[in-house]
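S.K.: task: produce atomic coordinates for the following.
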Amino acid sequence: MIPYGKQQISQADIDAVTEVLTSDYLTQGPKVPLFESTLAKLCGSQFGIAANSATSALHIACLALNVDSKDIVWTTPITFVASANCALYCGASVDFVDIDIDTGLMSVQALQQKLEQAKKSNTLPLVVIPVHLAGQSCDMKSIKALSLEYGFSIIEDASHAIGGHYQNLPIGNCQYSDITIFSFHPVKIVTCAEGGVALTNNADLAKKMQLYRSHGITSNAQDMDEESHGPWYYQQIALGFNYRMTELQAALGLSQLTCLEAFVAKRNALAQVYDQAFSSSALTSLTTTTDNYSAYHLYIVLLPDSDKEKHKAVITALRNREIFAHVHYIPVHLQPFYKKLGFAAGDFPVAEEYYSRAISLPLYPELTEDEQGYIIKTILELL
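M.R.: Numbering: from 1, shown residues only. Purely as a prediction, here's the structure:
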């Protein structure tokens, strides 16, 4: 079976992890801070806060922005559930903004219209979480402009987008957001086996996220409410979580980052082959805007019609032919849990149309020319 995505692990990666296994630190050592600073420098941001997953990073990002039970957070329905769940963890309410069918990204027009309505009803969001689907940045400049007008903070869920660029700058520089989140799950562009990082240019937000990821505990005497008892002393000053990244994960991440540029270049080359192969077919590839250099975590095509049975048949046929086609994503508002919160089919029609047409095809650096040729030939025959 040709998977839709997979990690690429080199001997250098294995050696980096082995070195940590024979060192004095398996956790809370020097590798995690080095990984954080290396990634922040690579992306052009000031602070990096590593966590054990991107879900955890999203959670502490919401906490740092003071999301609580009186607040509303908006994201897109076309994302993994973690982009919405992170607000629920804080007790907040969640709502969604429909997408642009051509890109799969949060629609700026839909966002503006929803903000205008929310202002009238006094239900404006505290935070908006745009999601960089498949590796392409949302229109962050426009979203930032709306945030200044309507007073919300921005968390970029860039779980798919490390190594990509927006307006000729690395995604993660936080020029148009308060916090950016990356994922290092094995199917992502580079991996830590599991893990996530929050990037920010705000020292106060960085300090809060560092606190929340480690039980709310500090050893900094300046943050304590009494004089330190000695060099062993710490205080819990907030309700935090055990979201720390291990030294093993950070060592693997540091090694993988050295290949990031090559991995993304290979993904773009494979995407161009797909683009050309499907250019005269009934399939529509997601549009990449001119101000983006996509990281191409995924290669997504849309079937010509919104036909659930045909959609299922094509994906099933591909899998029967050893091609693991997939769908990213089931609209979050259609999940049973979210239906219990009051959402229903028809709430976000563009996202629902997208779901009935979208297919993720295999894309990863080790995908061979023969494998890609077989995928292209098979799907065109099926159509």
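
S.K.: which parts of the stretch 151-300 of the chain are strands?
M.R.: With DSSP state E, counting those that start in this stretch applied, the stretch 151-300 of the chain shows strands at 153-157, 165-166, 169-170, 179-183, 196-200, 217-218, 235-236, 284-285, 292-293, 299-302, listed in chain order.

S.K.: point out the most buried one among those strands.
M.R.: Between the strands of the stretch 151-300 of the chain, the one whose residues have the most neighbours on average, counting mean count of other Cβ atoms under 10 Å, is strand 179-183 (a mean of 30). Quick note: C-beta positions are derived from backbone N, CA and C, even for glycine.

S.K.: packing partners for that strand?
M.R.: Contacts defined by 3 or more Cβ pairs under 8 Å, 6 or more residues apart in numbering; DSSP states H and E place strand 179-183 against helix 54-64, strand 153-157, strand 196-200.

S.K.: could I get the ones you listed in a markdown table, plus columns for mean pLDDT and distance to residue 361?
M.R.: What follows is those, written out as a markdown table (pLDDT from 0 to 100; distance: least, Cβ to Cβ, whole Å):
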| stretch | mean pLDDT | distance to residue 361 |
| --- | --- | --- |
| helix 54-64 | 98 | 23 |
| strand 153-157 | 98 | 22 |
| strand 196-200 | 98 | 25 |
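
S.K.: okay, the strands of the stretch 151-300 of the chain in TSV with distance to residue 4 next?
M.R.: Output for the strands of the stretch 151-300 of the chain, formatted as TSV (distance: least, Cβ to Cβ, whole Å):
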stretch	distance to residue 4
strand 153-157	20
strand 165-166	24
strand 169-170	25
strand 179-183	16
strand 196-200	21
strand 217-218	40
strand 235-236	42
strand 284-285	15
strand 292-293	21
strand 299-302	9
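
S.K.: out of those strands, flag the one nearest residue 64.
M.R.: With Cβ to Cβ as the measure, strand 179-183 is the member of those nearest residue 64 (7.2 Å).

S.K.: now for the helices and strands packed on strand 179-183, which one comes closest to residue 108?
M.R.: Among the helices and strands packed on strand 179-183, strand 153-157 comes nearest to residue 108, with 12.8 Å by Cβ to Cβ.

S.K.: buried sites along stretch 338-348?
M.R.: 338, 343, 347-348 (16 or more other Cβ atoms under 10 Å).

S.K.: I'd like the helices and strands packed on strand 179-183 as CSV, with distance to residue 115 appended.
M.R.: Output for those, formatted as CSV (distance: least, Cβ to Cβ, whole Å):
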stretch, distance to residue 115
helix 54-64, 19
strand 153-157, 13
strand 196-200, 24
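
S.K.: between the ones you listed, which one is closest to residue 101.
M.R.: Ranking the helices and strands packed on strand 179-183 by distance to residue 101, with Cβ to Cβ as the measure, places strand 153-157 first at 19.6 Å.

S.K.: what is the closest one packed up against?
M.R.: Taking 3+ Cβ pairs under 8 Å, 6+ apart as the contact cut, strand 153-157 packs with helix 54-64, strand 127-129, helix 140-150, strand 179-183.

S.K.: single out the most deeply packed of those.
M.R.: On a mean-neighbour basis (criterion: mean count of other Cβ under 10 Å), the most buried of the helices and strands packed on strand 153-157 is strand 179-183, at a mean of 30.

S.K.: direction included, what does that strand pair against?
M.R.: Strand 179-183 has the following sheet partners, assigned by DSSP bridges: strand 153-157 (parallel), strand 196-200 (antiparallel).

S.K.: quick one: which of the ones you listed is nearest residue 358?
M.R.: In terms of Cβ to Cβ, the element of these nearest to residue 358 is strand 153-157, at 18.0 Å.

S.K.: what confidence value was assigned to the closest residue to residue 262 other than its chain neighbours?
M.R.: The spatial neighbour of residue 262 that comes closest, neighbours along the chain excluded (Cβ to Cβ, 6 or more residues apart in numbering), is residue 365 at 7.6 Å. In the predicted model, residue 365 carries a pLDDT score of 97.

S.K.: double-check that residue 365 belongs to a helix.
M.R.: No. According to DSSP: H, G, I helix; E, B strand; the rest coil, residue 365 belongs to no helix; its state is coil.

S.K.: tell me who's in contact with it.
M.R.: With contacts defined as Cβ atoms under 8 Å, 6 or more residues apart in numbering, the neighbours of residue 365 are 8, 262-263, 266-267.

S.K.: same list (the strands paired with strand 179-183) but as a markdown table, adding distance to residue 42.
M.R.: Below are the strands paired with strand 179-183 laid out as a markdown table (distance: least, Cβ to Cβ, whole Å):
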| stretch | distance to residue 42 |
| --- | --- |
| strand 153-157 | 16 |
| strand 196-200 | 10 |
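
S.K.: many thanks, have a good one.
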